[in-house]
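Novice: give me a 3D structure for the following:
(one chain, ligands or ions: 2)
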Amino acid sequence: MEKTLVILKPDCMEKRLCGAVMDRFQKAGFDIVACKMMRLTDELLRDHYAHIADKPFFPALAEFMGSRPVIVAVLQGQNVIARVRELLGPTDSTKAPKGTIRGDYGTDVSVNICHASDGTDSAAAEIKRFFKAEEVFA
Ligand code: IDP
Ligand code: MG
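Specialist: Numbers count the residues shown, from 1 in each chain. Ligands and ions are numbered 1, 2, ... in the order given. From the prediction side, this is the model:
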């Protein structure tokens, strides 16, 4: 069964939308197999966002992502990686259609409610980055 990593970002926490966002994942048929709350350190964020660490917006993104504790979870189900990305909508919340999580709740291209892994390799690497094997109840 496929697994993906999601992060309920600081704007999701601040707006008290964790239940609403998780509800969409669960109503789509996906199971929560790992979950915890943590504050993302600069070191963790440099790793997690290595693919964009050289972009001019990275310092502001890292400050936002570390601004308050977040909820990190692993979801499991058929085709969960692609399906969760579809449920989120595109990165830029202002371009995300209504009915998607980012379209309904996100603010802009940076403040966009939720992270989700974008492929099989990144999902495996991200799950390992945030959870010990015994913390994943798959
Ligand atoms: P994704 O979250 O849709 O996979 P990525 O390109 O992997 O998008 O970027 C990771 C995160 O970096 C985004 O979710 C968003 O918070 C932030 N980000 C991406 N592009 C921009 C940008 O052009 N300006 C500001 N922040 C951005
Ligand atoms: Mg990404």
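
Novice: before we move on, what SS does the closest residue to Phe131 other than its chain neighbours have?
Specialist: Distances taken as CB to CB, 6 or more residues apart in numbering put Ala34 closest to Phe131, at 5.0 Å, once the chain neighbours are dropped. In this view, the C-beta of every residue, glycine as well, is placed from N, C-alpha and C. When classified by DSSP: H, G, I helix; E, B strand; the rest coil, Ala34 comes out as strand.

Novice: what does the protein put close to ligand 1?
Specialist: Counting by CB under 6 Å from any ligand atom, the chain comes close to ligand 1 at 52, 57, 61, 91, 109-110, 112, 115, 118.

Novice: burial measure for Arg39, as a count.
Specialist: 12 (other CB atoms under 10 Å).

Novice: I'd say Ser93 and Cys114 touch.
Specialist: No: in this structure, Ser93 is not within contact of Cys114 by CB atoms under 8 Å, at 10.4 Å.

Novice: of these two, who's got more company?
Specialist: Looking at Ser93 and Cys114 with other CB under 10 Å, you find the greater number of neighbours at Cys114, namely 27 against 23.

Novice: correct me if wrong: the more buried one contacts Pro10.
Specialist: No: applying CB under 8 Å as the test, Cys114 and Pro10 come out as separate, 11.0 Å apart.

Novice: tell me the first helix or strand C-terminal of the helix or strand hosting Val72.
Specialist: Val72 belongs to strand 70-77 when assigned by DSSP states H and E. Per DSSP H and E, the first helix or strand lying C-terminal to strand 70-77 is helix 80-88.

Novice: just the buried residues of that following helix, please?
Specialist: 80-81, 83-85, 87-88 (16 or more other CB atoms under 10 Å).

Novice: how about stretch 17-36?
Specialist: Taking 16+ other CB under 10 Å as the neighbour-count basis, stretch 17-36 is seen to contain the buried residues 17-18, 21-22, 24-25, 30, 33-35.

Novice: among those, which are in helices?
Specialist: Per DSSP state H, helices hold the following members of the buried residues of stretch 17-36: 18, 21-22, 24-25.

Novice: can you tell me which residues contact the residue nearest in space to the middle of the chain?
Specialist: Centroid check for the chain by CA atoms, centre = their mean gives His115 as the closest residue, at 2.2 Å. Going by CB atoms under 8 Å, 6 or more residues apart in numbering, His115 touches 5-7, 9.
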